[in-house]
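1. Mind folding the following:
(one chain, ligands or ions: 1)
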Amino acid sequence: MTEVIDGKAVAADIRESLAACIATLDDEGVEPGLATVLMSDDPASETYVSMKQRDCEEVGIDGIHVEIDPDAPAAELYDTIDELNADPTVNGILVQMPVPEHVDERRVLRRIDPVKDVDGFHPENVGRLVAGNDRYRPCTPHGIQKLLEAYEIETESADAVIVGRSNIVGKPLANLLLQKADDGNATVTVCHSRTEDLTEKARNADILVAAVGLAEIIDAEMVTDGTTVIDVGVNRVDADTEKGYELVGDVDYDAVAEVAGAITPVPGGVGPMTRAMLLYNTVKAAGLQHDVDVDLP
Ligand SMILES: Nc1nc(=O)c2c([nH]1)NC[C@@H]1CN(c3ccc(C(=O)N[C@@H](CCC(=O)O)C(=O)O)cc3)C=[N+]21
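-> Have a look, this model is predicted:
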């Protein structure tokens, strides 16, 4: 039987453990603070940011939200980042991606104080992660590691095939799974949508991660019996529902679930874990900035 990996449940467990860390910080007079910055009127981005703010409230993180008109000059965003960098009540800063075209994304990422970079996208933090000395693991890859751990899916000596080479998922996850560590030690292949023989490569996977951002491109033919399938896709496709759309992953769920050993659903798989690990990084950031030992889950 295929095991359905319940990201919502694992995320709830992590939030519960984080509550204990937040209590430890509270004993030291520290309330962790997360600033989210939105410079976009994309409805999906708005939804994600408001979910992140709601998560903060639930666990006892002080959520600060800043909205910038997407037509405003880029300098407005840079100035906002400078202010948040200087604000001692803000431990973590997340600038929701994508930013408008007239804003230089790389410059944004460089501008965030690396100690407050809870996304883990600043070049300093990227470099540390690649070197095996990570400070903040990017939320989605870290969430995937936590899911695998919760379901006792060994990465050690597994063939992990990642489809997708983004800076936010594919590349950092490849680096984490390669690390000499209990949650690493995998043999990693990174593919993308243009990889020749994608099917053949995917069929070699013990752990197959789909992070391409193309609805349902992973079909049953790409999956062999017993493979663990991790679906990172969150694609909104038009549908006759109340909202006018439906959320589907990068995996053709119904067909692939027939063969996979374990599979993450969309919604309810990786998405909630991404959000939980953002809270994790914010708690870690508060601990680092106030020199408080928090016993992270
Ligand atoms: N600086 C930055 N950091 C990010 O971490 C970041 C970003 N920019 N830009 C966009 C992506 C996307 N992302 C998601 C997080 C949670 C869900 C999530 O919780 N999804 C729910 C359902 C969501 C729904 O109902 O629409 C689920 O899969 O169950 C999805 C997507 C974070 N991102």
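2. Spell out which parts of this structure neighbour the ligand.
-> 47-48, 51, 94-97, 119, 139, 234, 247, 266-268, 271-272, 274-275 (CB under 6 Å from any ligand atom). From N, CA and C alone the C-beta is placed, and that goes for glycine too.
3. cutoff 8 Å now
-> 7-8, 44-45, 47-48, 51-52, 94-98, 119, 121, 138-140, 168, 234, 236, 247, 265-272, 274-275, 278 (CB under 8 Å from any ligand atom).
4. The most centrally placed residue in the chain: what's it in contact with?
-> A centroid search over the chain (CA atoms, centre = their mean) returns Thr140, at 2.0 Å, as the residue closest to the centre. Counting by CB atoms under 8 Å, 6 or more residues apart in numbering, Thr140 makes contact with 168-169, 173, 211, 232, 270, 273-274, 277.
5. Which helix or strand contains the residue in the stretch 151-297 of the chain positioned nearest to the ligand?
-> Proximity of the stretch 151-297 of the chain to the ligand (CB to the nearest ligand atom) peaks at Gly271, 2.3 Å away. According to DSSP states H and E, Gly271 maps onto helix 270-290.
6. Kindly report the same for Val229.
-> strand 228-231.
7. So which bits of that strand are buried?
-> Buried residues in strand 228-231, counted by 16 or more other CB atoms under 10 Å: 228-231.
8. Likewise for stretch 204-214?
-> Applying a neighbour-count criterion of 16+ other CB under 10 Å, the buried positions in stretch 204-214 are 205-212.
9. Next, format those residues as a markdown table and append pLDDT, secondary structure and distance to Ala160.
-> Formatted as a markdown table, those follow (pLDDT from 0 to 100; DSSP: H, G, I helix; E, B strand; the rest coil; distance: CB to CB, whole Å):
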| residue | pLDDT | secondary structure | distance to Ala160 |
| --- | --- | --- | --- |
| Ala205 | 98 | coil | 7 |
| Asp206 | 98 | coil | 7 |
| Ile207 | 98 | strand | 4 |
| Leu208 | 98 | strand | 8 |
| Val209 | 99 | strand | 7 |
| Ala210 | 98 | strand | 12 |
| Ala211 | 98 | coil | 12 |
| Val212 | 97 | coil | 15 |
